[in-house]
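Novice: structure of the sequence below:
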Amino acid sequence: MLELIEKTEKFVFDLLKNELDNSFLYHNYTHTERVLRSVREIIENTDINATDAEILQLAVLLHDTGYTKSIDNHEEESVKIATAFLKEEGVNQETITAVNNCIMATKFKDSPKTELDKIIRDADASHFGKKYFTEASEFLRKELELQGIKNYTPIEWENENIDVLTKKHEFYTDYALKNWQPRKEKNLASLIKSKKKRKTKLKTEELKAKYKAQYKNESPERGIQTFYRVALRNHIKLSDIADTKANILLSVNAIIISLVLANLISKLDSNPYLIYPTAIFTLSCVISMVLSIIATRPNITSGEFTKEDVANKKVNLTFFGNFHKMSLEEYDWAVKELLKDKNYVYSSLTKDLYFLGKVLERKYRILRITYTIFMIGMIVSVISFGVALKGNNARLNDVLPDNSTTTSLLYNKNANVNNTLC
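Specialist: Numbers count the residues shown, from 1 in each chain. Down below sits the predicted model:
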């Protein structure tokens, strides 16, 4: 008996390896091995004779070999393959008939009639009561998809499994009812819980979509949002640029004044002609520094508002200068009042843009004047230095005699000396 089962195992393994299509992810040799283990589990825990045990094991090994020929009516094809193989191995007709009856019992259309039918039916569906149920179920779903039989979505397959476990399947043997039924119920509970969780998630997503659509209808259009966002960003960038320009002017003029004080001031006593150019140069730098400071000097407003101001929509809560002296509770109340009125929000953003623009206009106007004064001061200073140097050279030329007069005087003097010596 053992030798025949071993030969059958090898025959089935070789047959499925060589002739079974790769799309059979569930009905393959792994499934056959699992069913064989399950049927042996029942045999070991059931009062059954050796002949029936052999028939069951042979039937389990051969029951899915028909998939190598056809998907439809694969049980009939399995019977043909089993008959041919068992006859070749010299098995008697009675045993062959019993094996074929067990193979046909694996059809789920009819209820099992004999004890052997019940055992093989329970073994074939034992994955319902095993821990690997989820894995086996997913392989079966994918197999049906690859073979073009039916393409189930995860939700549809979940519902199909629940329907099978609750309505279409039942265990028949006492051993399966005692040992596999509890695990089957756990698997069913897990499917129901997953379905409930999926439904809750779906409802949550639908609710989110509903509120999102409602909020979208109540919120400003994307173009309006983009306008305020871009305008505010541009104003802030321009303000940063203005501050940077003012800081550059401050730094440059501070360095120039330091150099003037260190080098020119100490030489004015001996070089009085440099007084006016130095004064012009220093004055233009000082004016540029003062104007740069004025351009960047912050202007803080009162920082207070009243409930009447909020009610009349006169206060701009987006600017810190309007609330920095208020308490947190008062400011929190005012913001909540602001958010209640969409038009008040727009009005506050518009005011913020407007006054930012006014500040920018003041900064850039002062900076333009500052740069103009700095430029003119540099030009005038250079010209004045040039005029002063030229005037000083002319004065020196007027004080000293010219070269020809000096030469004649020296010649006459030498002649008188020579005459005296003679």
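Novice: alpha carbons only for contacts and neighbour counts from here, please
Specialist: Will do.
Novice: check which helix or strand covers Thr301.
Specialist: Using DSSP states H and E, Thr301 maps to neither a helix nor a strand.
Novice: for Glu41, see how far away it is.
Specialist: As judged by Cα to Cα, to the nearest Å, Thr301 and Glu41 stand 88 Å apart.
Novice: how about low-confidence regions in the stretch 301-422 of the chain?
Specialist: Applying pLDDT under 70 to the stretch 301-422 of the chain flags the ranges 302-303, 312-313, 316-318, 320-322, 395-422.
Novice: show me where it has its helices.
Specialist: 307-311, 328-340, 342-399, 403-421 (DSSP state H, counting those that start in this stretch).
Novice: and those helices: which comes nearest Ala123?
Specialist: Across the helices of the stretch 301-422 of the chain, Ala123 has its closest neighbour in helix 328-340 (67.2 Å, Cα to Cα).
Novice: ok and that closest one relative to helix 342-399, angle-wise?
Specialist: 110 degrees (axes from the mean of the first three to the mean of the last three Cα atoms, to 10 degrees).
Novice: so how far is helix 328-340 from its chain's centroid?
Specialist: 33 Å (Cα atoms, centre = their mean, to the nearest Å).
Novice: now stretch 135-151
Specialist: 33 Å.
Novice: any idea which of the helices of the stretch 301-422 of the chain gets closest to Ile236?
Specialist: helix 342-399 (8.2 Å).
Novice: list the helices and strands the closest one packs on?
Specialist: Counting contacts by 3 or more Cα pairs under 8 Å, 6 or more residues apart in numbering; DSSP states H and E, helix 342-399 is packed against helix 222-263, helix 275-296, helix 328-340.
Novice: deepest of these, which one?
Specialist: helix 275-296 (a mean of 19; mean count of other Cα atoms under 10 Å).
Novice: low-scoring stretches of the chain, by residue?
Specialist: 1, 211-221, 266, 269, 300, 302-303, 312-313, 316-318, 320-322, 395-422.
Novice: how's it carved up into domains?
Specialist: If you go by automatic domain parsing, the domain ranges for the chain are 2-206, 222-389.
Novice: what is the end-to-end distance of the last one?
Specialist: If I follow you right, that is domain 222-389. End-to-end for domain 222-389, by Cα to Cα: 67 Å.
Novice: just the longest one next, same as before
Specialist: Counting by Cα to Cα, the length from the leading to the trailing residue of domain 2-206 is 61 Å.
Novice: before we move on, back to that, quick one: which of the helices and strands packed on helix 342-399 is nearest Asn73?
Specialist: It is, among these and with distance given as Cα to Cα, helix 222-263, at 61.4 Å.
Novice: now for the closest one, which elements pack on it?
Specialist: By 3+ Cα pairs under 8 Å, 6+ apart, helix 222-263 packs against helix 275-296, helix 342-399.
Novice: dump the ones you listed to CSV, plus distance to Ile48.
Specialist: What follows is these, written out as CSV (distance: least, Cα to Cα, whole Å):
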stretch, distance to Ile48
helix 275-296, 101
helix 342-399, 82
